[in-house]
Each structure stands twice: as structure tokens, then as C-alpha cells.
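Student: Quick check, what structure comes out for this input:
(chains A and B)
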Amino acid sequence: MPSRVRLPLRRPERGRWIAGVATGLAAHLDVPVAVVRIALVALVPVAGVGAALYAFWWLVVPVGDPAAAAAARRPSTMQRLARRQPLRSDGRRVPWAELALGGLLVLTAAVLVGARLGASIDAAWALPVLVVLVGVALAWSQLDALQHGRQDGRRISVLRLIGGGLLAAAGVLLVVGQVVGQGVEPVLLVQSGVAALAVLVGVGLVMAPWWVRLVRALGDERAARAREAERADIAAHLHDSVLQTLALIRARSDEPAEVARMARAQERELREWLYDDRNEPGVSLVAALRAVVAEVEDSRSGPGGEPVAVDVVVVGDRVPEPDTLALLQATREALVNAVVHGRPPVSLYLEVGPQSVEVFVRDHGDGFDLDGVGPDRFGVRESIMGRVRRRGGTARVTSSPERGTEVHLCMPVGGGGSGRGPDEDEERDA
Amino acid sequence: MSEQVDVVLVDDHHMFRAGVKASLDARVRVVGEAATVDEAVQVVHDLRPPVVLLDVHLPGGDGGGGAEVVRRCLDVPGTRFLALSVSDASEDVVAVIRAGARGYVTKAIDPTALSDAVLRVAGGDAVFSPRLAGFVLDAFGAAAGDVATGDDELDRLSAREREVMRLIARGYTYREVASELFISIKTVETHVSAVLRKLQLSNRNELTRWAAARRLL
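Tutor: Just a heads-up that it's a prediction; the model follows:
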């Protein structure tokens, strides 16, 4: 095997027996898990070194997937876009923590029963120690929860910390009382408690700057991560769409019309992805309009068979409704006419006002005589003007040889536009 | 205008600079090129060209892109900037216009129109692409009928300015706007320059918000 990069030390969630220390170590050292486990167990009788090491690593090694952590270390701009397989996919985790808690409860019950039956157990010692242990366990358990990244558990973890601290303090006081003997005065206890608290506050004040810096550095790092994730997202998108289109273009480079069309489609898609708000379907009239434009650009060609790009400018936006749907269909027909019969540049302007939505479609063709076209065959009259007028809108076509053709559609709409609500009905001159 | 207009071309893509150079017609002469903010500032100070064609997105400097170039070249008298961009993002456009650029056109503009735009900027007029006109209408709330009554109002467009902007957004050239509204081309240019001034000086929320967002980056 070539010199592989060593995976960082993490405690994986999957494949763990207790806390994932052995699995993580095995991944880190690149040895079988069984070897690590046996070594750890073998070290337990040696003055408890195995257990101590395990506990130490449990506390200091963060939870996480080693492979993912290794990937996250590299800047995402240099990262492979395909995800690695997870370390081990099988294996369900044995609920050791729950088992331990159950065992503890059973033990407590046994002790209580024993005491009831008259066995002489020095409960005076056992209770304070137990209280301290529970308190410490409670306080430490929130660290584990925090590493899991459960954000919602923040308040609960603070409660755990406070509760654990109080329990431990009470336990320590009990132990002290036990050591000093029965004769300890409450005043002395309070005094020493206050002194201990003062020392804690003093240390806290001294450590505060360090702590603040740590928190700030953490925040900065998180922000940097987020930026990198975004960059990786962009890279993935470029790969999916742009690279493939470029490959297609190279393969069909002898068909200029097709190349132009593909380049235009790709440009449109990339623009949409880069600059537009990605709206849910059915909430944006502008998005629907862009879809119509895309469809026309992709499917229709100019008189010479060349693809025609439509220059779209929009002002405002609103939620589509049946009336604006009719407007969009009429706009589509107008666009098709402009692309197929007119001459580029073809411009489309959509303005969403408080009382109406206006559309202008303009081409630079030779124009035509509107009256000279028979009523039987003309798409403009029925599919554009009729559609809009039936819904109470207005439609006007101006055409001249010098200025090309412009279709102006105006559809009155209710409230919900990018302005004020409906207060007056627009004059309808159909 | 019979003389050639000297132009400095600022864009970080060599391919695009070559393309623009080849497409500009005989009325325009490219005298210098730059690919980064610092290079651009240097070249503009050295050559003092009447017009700079400026990409909105540029590497280098303090990361301010084209807007930074405009700001750092404010001490060069007689140089005007025409922003050129593929970006559809309004904050990019507004940032470079508010920094002092005299106009904005998209890179998809056809070569003759680009040369026309350069000459127009050299003559001291503003150049608005349909898309910039759309931004202006959006930013000034003109679609909702928010129209100024007095001439000195900076935060709203006058009815006539709105009319001109709408026609430009519809794809009309200045000449077509003039004949549509029965006014002279000079009057159209005056209206467009007035809108540019409002765009640069207005304190409308939409505009200041864009500017603020840009400066934070």
C-alpha cells in the first residue's frame, strides 16, 4: 500500500462497543479493531491502565467519522466531489450507558434491600461518594451530547451541568463532613464553601479572556467551514452542468446552431443558479416566465434556422394566478412569433405593478400589416389577443418596417403584487 | 465625433479582453489592458484614458472589484468608467454605479452597440442597458407608481424619467426612445444622466442596503 494519510483520531458512531475508542484507534493506527480491543482489555489488569487509557480517550477524543474528518481537513476546493463510503456500515451500537445505569440502579436496590435485612453497610461513606459520582457523570455526559452536535439540547445540557455541579458540591461537602467527623460546625462549612466559591470565581475571571478567544476562534472556524461547503456546492454544480455541456459542445463542434443553442441553455441555467432566488414552483410569476422563455429558446429557431436569444428584463414579482397564466400563454405565443418570424434582438419586458401586470415583447423584424392578415389563420389574433382580452386584459400590436413588431399585453390583477393592494379597477379598452 | 477614442480594457479573463478588442470598431482604440484591481489603477493613472471599460468582478486590491478601481481612480480627471459584466446580481451593478461609473452594459452586448456606448460615455453621457433600467425601476419602486413630483427629489424618478427607463428596459435604443416620446436624443440623454445621478446620490433604502451589503463583504 502506498503511504496513506493517517486518519485523524475520532470516535465513530458506527461499529462501537462502548464509546468507540477502540474503533477510532484502529482506524487511526490502521490495524484491526480486534487487536486494539484485546490490547486494551489486556492492559486492564496492569494497574487498570487499560481502563484509564480508555476513559482518557473517551473524554478527549471527539465523536465523529474519521474518514469524514480527514476529508474535512482538506480544503473543499481540492476535495473529491464524490463522497467516500462510511467507515463501517454494519453493526448496531450496544446501549452500554443505559446498561450501566440499570446496573447501578440494581446495585443501589440491592444495597437498600441488604440494609433493610440488617446487613451492616457503611452507608455514611457510600452515599456521599455516590452523590459525587452521579454529579460528575451528569456534568460530563453533556460533553458527549454536545459533541454529537445536538443543538436543541443546549438548554438541557446547561441544566445538566448545573445539576451535576450542585450534586458534586453537595457530595464533596458530605465527604468532607465524613472525614472531619460529626463535630464539624455548620458555620465552618459555610465559610469554607464561600472560600471555595471565591477561588472558583477568581480562576474564572483569570481564564475568561482565554475562554472568549476560544469561543471566537470556534465561531470563525465554523464560518470558514460554511464558506467552504458553499464553494464545494458550486464546484459540484459546475461539474454536473457546465463540464458536461462543454463536453457535448466539443463533440458537436461542427454544428454551429446546435452549439449556440447549448451554450445559451447552459448560460441560462448557470445564471438562474447563480443569481436567482430559487423559488418554490408556483409562487413566482418571474420564474414561470423564465421557464416559458427557456422553452421557446430551446425549441424554436429563427427564419434561418439559427437559435435566437431572448433578452429578458423583469421588474417586480408576484404569485401566479389564472389570469397571469393566460398572460403567460399569450406571452409565449408572442415570443414564438418574434423568434420565428421576426429578427433578433428579441426583448421581453415584464412589469408587475400593483394593479396590473404588463408584458412587452419586441423584435426587430420587418414588421407586418396586422389588417392584411386573414382572420382564419392568424395565431396572433386568437392565441395572443383573444386570450388576454377574454380575461379582461388589453392587447396591442404595433408593427412597422423600421421599428419591428412590439406586442404589449396588460392584465389587471388583484392584490398580492409587489406594490399596494387593489383599490381601483383599471380601464379596459378591449 | 471623428477622432478615435482611447480606451483601457480591464477584465481578468484574457480571452474576453481579446474578444472585445477584436470586436470594437475603428472609432475606438484600445491603448491599455489590465487584469487586476491594482494593475487597473496603475494603468489608468499612467495613461489617463477618456474611457475605461471595466469588469465588475476583478481579483486583487482589497477585494472590492470594479467599484474599488473606480473609487481609487477618482483623482484622475477626465476618465470615465463604463461597467461591463456578465453578472445579473443587482448589488454588483449598483455598487459600481454608485462608486462613480457612467454606465453599465452586459457582456452579451453586440459589438456596434458597445462601440456606441463607449463613444457616448466619452461624450459625458450615461449608458443604460435594458437590465440596468430594470434595476432602476425596481429600486425606485417605479412599477408601483412611486413617482416624484418635484425636480430636486433624489429618492424617486419623475414621470418622464420613468417613461424613458421603461422604454430602455423594453429594448429601445436612445434614438427609438426619442422618436417614441417625440423628444430629441439630447433630451433622452439628459433624462438618463439625471437617473444616473439619482442612482448615485439617492438614499433610498434599497440602494443604501445594496451598498452596505457590498461594503460588508
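Student: how about the closest residue to chain B within chain A, secondary structure?
Tutor: Here chain A gets closest to chain B at one residue, residue A:347, 2.8 Å apart by CB to the nearest CB. Placement of C-beta: from N, CA and C, glycine included. The three-state label given to residue A:347 by DSSP: H, G, I helix; E, B strand; the rest coil is strand.
Student: Residue A:130 now?
Tutor: helix.
Student: per-residue confidence for it?
Tutor: For residue A:130, the pLDDT comes out at 77.
Student: How about the secondary structure of the nearest residue to the residue of chain A closest to chain B once chain neighbours are set aside?
Tutor: Among residues not flanking residue A:347 along the chain, residue B:171 sits closest, at 2.8 Å (CB to CB, 6 or more residues apart in numbering or on different chains). Secondary structure, three-state DSSP: residue B:171 is coil.
Student: ok, back up a step: so how many other residues sit close to the residue of chain A closest to chain B?
Tutor: By other CB atoms under 10 Å in any protein chain shown, 22 other residues sit near residue A:347.
Student: Spit out the contact partners of it.
Tutor: For residue A:347, the contact set (CB atoms under 8 Å, 6 or more residues apart in numbering or on different chains) comprises A:310-311, A:313, A:360-363, B:130, B:170-171.
Student: Adding neighbour count and pLDDT, write those out as a markdown table.
Tutor: Output for these, formatted as a markdown table (neighbours: other CB atoms under 10 Å in any protein chain shown; pLDDT from 0 to 100):
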| residue | neighbour count | pLDDT |
| --- | --- | --- |
| A:310 | 23 | 86 |
| A:311 | 20 | 86 |
| A:313 | 24 | 88 |
| A:360 | 24 | 92 |
| A:361 | 30 | 91 |
| A:362 | 25 | 89 |
| A:363 | 28 | 87 |
| B:130 | 23 | 87 |
| B:170 | 25 | 89 |
| B:171 | 24 | 87 |
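Student: Greatest separation within the residues you listed: which pair is it?
Tutor: By the measure CB to CB, A:313 and A:363 form the most distant pair in the contacts of residue A:347, at 15.0 Å.
Student: Restrict the helix or strand containing residue B:93 to CA atoms and write it as PDB.
Tutor: Using DSSP states H and E, residue B:93 maps to helix B:90-99. C-alpha atoms of helix B:90-99 as PDB (Å, rounded to 0.1, in the frame of the first residue of the first chain):
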ATOM      1  CA  SER B  90     -28.200  43.900  -8.700                       C
ATOM      2  CA  GLU B  91     -25.700  44.600  -5.900                       C
ATOM      3  CA  ASP B  92     -22.700  44.200  -8.200                       C
ATOM      4  CA  VAL B  93     -24.200  46.700 -10.700                       C
ATOM      5  CA  VAL B  94     -25.400  49.200  -8.100                       C
ATOM      6  CA  ALA B  95     -22.000  49.100  -6.300                       C
ATOM      7  CA  VAL B  96     -20.000  50.000  -9.400                       C
ATOM      8  CA  ILE B  97     -22.500  52.600 -10.500                       C
ATOM      9  CA  ARG B  98     -22.600  54.200  -7.000                       C
ATOM     10  CA  ALA B  99     -18.800  54.200  -7.000                       C
END
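Student: Could you confirm whether it reaches chain A?
Tutor: No. Applying CB under 8 Å from any CB of the partner chain, one finds helix B:90-99 out of contact with chain A, separated by at least 8.8 Å.
Student: Heading C-terminal from that helix, find the next helix or strand.
Tutor: strand B:103-106.
Student: Let me know the angle separating the longest helix anywhere in chain B from helix B:90-99.
Tutor: Secondary structure of chain B per DSSP state H: the longest helix is helix B:185-201. Helix B:185-201 and helix B:90-99 are oriented at 100 degrees to each other (axes from the mean of the first three to the mean of the last three CA atoms, to 10 degrees).
Student: Off-centre distance for helix B:185-201?
Tutor: Counting by CA atoms, centre = their mean, to the nearest Å, helix B:185-201 is centred 11 Å from the centre of its parent chain.
Student: can you count the residues close to residue B:64?
Tutor: When neighbours are counted by other CB under 10 Å, residue B:64 comes out with 20.
Student: how much space is there between it and residue B:121?
Tutor: To residue B:121, residue B:64 is 21 Å away according to CB to CB, to the nearest Å.
Student: Same question for residue A:273.
Tutor: Going from residue A:273 to residue B:121 by CB to CB gives 32 Å.
Student: For these two, indicate the residue with more neighbours.
Tutor: Between residue A:273 and residue B:121, counted using other CB under 10 Å, the more crowded position is residue B:121 (24 against 14).
Student: so what secondary structure elements neighbour the host helix or strand of the more buried one?
Tutor: Per DSSP H and E: residue B:121 is located in helix B:111-122. Here helix B:111-122 touches strand B:5-10, helix B:14-23, strand B:28-34, strand B:51-55, strand B:80-85, strand B:103-106, strand B:127-128, going by 3 or more CB pairs under 8 Å, 6 or more residues apart in numbering or on different chains; DSSP states H and E.
Student: Ignoring the adjacent residues along the chain, who's closest to residue A:263?
Tutor: Residue A:263's closest residue in space is residue A:249 (CB to CB, 6+ apart), at 6.6 Å.
Student: Now the phi/psi pair for the one you found, please.
Tutor: Taking degrees, to the nearest 10, you get phi -60, psi -40 for the backbone angles of residue A:249.
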